[in-house]
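Peer 1: based on what follows, work out the 3D shape:
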Amino acid sequence: MPSHASATAPSSVPSAVRIDSWLWAVRAFKTRSAATAACRAGHIRLNGNTVKASQTVVPGDTVRIRQAGFERILEVHVLIVKRVGAEAAARCFTDHTPERPPAPFLGLPQRDRGAGRPTKKDRRDMERLRGEK
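Peer 2: Residues are numbered from 1 along each chain as shown. Okay, the predicted model is just below:
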């Protein structure tokens, strides 16, 4: 007698997943607690509304993540609970994030010729601008 379970969706695929768990599983955040903190801080929007970490996502939802001054826009395709590799995670959503504008290069400031040896403060400022320290 054939089993009816094969005709339906596999039981390992959930119908809804907590948003903090999904964001961690698709590698949007390094830890689940970081995803929970982002939800608590109001940096996560689901279909335009701020959400709590326990809010569930379903395929077709749009998730907006505000990170480092920019907003990522992800459309949910596949629900996963366990963290997977980067390639498998990328197949779980479509990234609709607009291209970031390139940062303008201002060049490094030049010291006036004959200004003498830089002071310790000047040297530290120059190193900070170059990104050395």
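Peer 1: output the contacting helices and strands for the helix or strand of the chain with the lowest mean pLDDT.
Peer 2: Lowest on mean pLDDT, DSSP states H and E among the helices and strands of the chain sits helix 120-130, with a mean of 86. Judged by 3 or more C-beta pairs under 8 Å, 6 or more residues apart in numbering; DSSP states H and E, helix 120-130 is in contact with no other helix or strand. For the C-beta atoms, the positions are set from N, CA and C on the backbone; glycine is no exception.
Peer 1: what sits against the closest residue to residue 16 other than its chain neighbours?
Peer 2: Closest residue to residue 16 apart from its sequence neighbours, by C-beta to C-beta, 6 or more residues apart in numbering: residue 56 at 3.8 Å. Residues near residue 56 by C-beta atoms under 8 Å, 6 or more residues apart in numbering: 16, 17, 18, 19.
Peer 1: mind running it again at 10 Å?
Peer 2: 14, 15, 16, 17, 18, 19, 21, 22, 46, 79 (C-beta atoms under 10 Å, 6 or more residues apart in numbering).
Peer 1: what's near enough to touch the residue nearest the centre of the chain?
Peer 2: Centroid-nearest residue in the chain, with C-alpha atoms, centre = their mean: residue 28, separated by 3.8 Å. Going by C-beta under 10 Å, 6+ apart, residue 28 touches 20, 22, 34-35, 38, 44, 63, 65, 67, 72, 74, 89, 93.
Peer 1: hey, C-alpha coordinates of the least confident helix or strand of the chain in PDB?
Peer 2: This file holds the C-alpha atoms of helix 120-130, laid out as PDB (Å, rounded to 0.1, in the frame of the first residue of the first chain):
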ATOM      1  CA  LYS A 120      53.600  62.600  16.800                       C
ATOM      2  CA  LYS A 121      49.900  63.800  16.500                       C
ATOM      3  CA  ASP A 122      50.400  64.600  12.700                       C
ATOM      4  CA  ARG A 123      51.900  61.100  12.200                       C
ATOM      5  CA  ARG A 124      49.000  59.400  14.000                       C
ATOM      6  CA  ASP A 125      46.500  61.400  11.900                       C
ATOM      7  CA  MET A 126      48.200  60.400   8.700                       C
ATOM      8  CA  GLU A 127      48.300  56.700   9.700                       C
ATOM      9  CA  ARG A 128      44.600  56.800  10.600                       C
ATOM     10  CA  LEU A 129      43.800  58.300   7.200                       C
ATOM     11  CA  ARG A 130      45.800  55.700   5.400                       C
END
